[in-house]
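Undergrad: return a 3D structure for these sequence lines:
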Amino acid sequence: MKNQNPIHVFATWKVIEGQIENVLNLLKTVHDESVKENGNLFYTIHQSIADPNTLLLFEGYTSEEAVTEHRNSAYFQEIVLGQIVPLLQNREIVLATPVAYL
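TA: Residues are numbered from 1 along each chain as shown. Now for the predicted structure:
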């Protein structure tokens with residue numbers, strides 16, 4: 001049976017020294033476009049207190065298909081993959097679904 005639960009994306013980005021402001025400026029557009037998507041539940045960006053060059057993104061989508069649509073969007077391809085990823089030292093992404101307790 002297909003997963004009917006929402007999908008959450010946990011992404012940790014380690015930004016190259018000196019590039020944090022550039023990445024944050026680009027992420028403003030990514031955020032604004034992401035929250036317009038039909039399948040988007042939320043899109044939040046966090047900056048580490050211990051290491052300001054580390055960003056944590058917490059995103060929610062209605063389904064796996066919505067995540068795929070997000071990743072295939074023109075702005076994601078152009079801004080995230082084309083402009084932000086080259087400014088990252090490391091990028092980790094985990095897809096998860098909430099655990100329902102009885």
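Undergrad: where does this protein have low pLDDT?
TA: 1-3, 102 (pLDDT under 70).
Undergrad: how about the lengthiest helix in it: buried residues?
TA: Ranked by residue count under DSSP state H, the longest helix found in the chain is helix 20-34. Judged by neighbour count (16 or more other C-beta atoms under 10 Å), helix 20-34 contains these buried residues: 20, 23, 26-27, 30, 33-34. Yep, even glycine has a C-beta here, placed from its N, CA and C like the rest.
Undergrad: how far off centre is the helix or strand that that helix is followed by?
TA: From helix 20-34 onward toward the C-terminus, using DSSP states H and E, the following helix or strand is strand 40-47. Here strand 40-47 is found 7 Å from its chain centre; the criterion is C-alpha atoms, centre = their mean, to the nearest Å.
Undergrad: list the contacts of strand 40-47.
TA: 6, 20, 24, 27, 30-31, 34-35, 54-62, 66, 70 (C-beta atoms under 8 Å, 6 or more residues apart in numbering).
Undergrad: neighbours of Thr97, just the number please.
TA: Thr97: 12 surrounding residues under other C-beta atoms under 10 Å.
Undergrad: spatially, what comes nearest to it if we skip its sequence neighbours?
TA: In space, and not counting its chain neighbours, Thr97 is closest to Asn5: 4.2 Å by C-beta to C-beta, 6 or more residues apart in numbering.
Undergrad: ok, which stretches of the chain are helices?
TA: Under DSSP H, the chain gives helices at 20-34, 64-72, 74-75.
Undergrad: which other helices and strands contact the second one?
TA: Think helix 64-72. Judged by 3 or more C-beta pairs under 8 Å, 6 or more residues apart in numbering; DSSP states H and E, the packing partners of helix 64-72 are strand 7-15, strand 54-61.
Undergrad: pull out the buried residues from the shortest one.
TA: For strand 54-61, burial by neighbour count (16+ other C-beta under 10 Å) applies to 54-55, 57, 59-61.
Undergrad: let me know whether Glu59 touches Val30 as I believe.
TA: No: at 10.1 Å, Glu59 and Val30 do not qualify as touching, with contact defined as C-beta atoms under 8 Å.
Undergrad: hang on, the earlier thing: ok, residues contacting the longest helix of the chain?
TA: By C-beta under 8 Å, 6+ apart, helix 20-34 touches 13, 15, 40, 43, 45, 47, 52-53, 55, 59, 70, 73, 75-76, 79-80, 83-84, 87-88.
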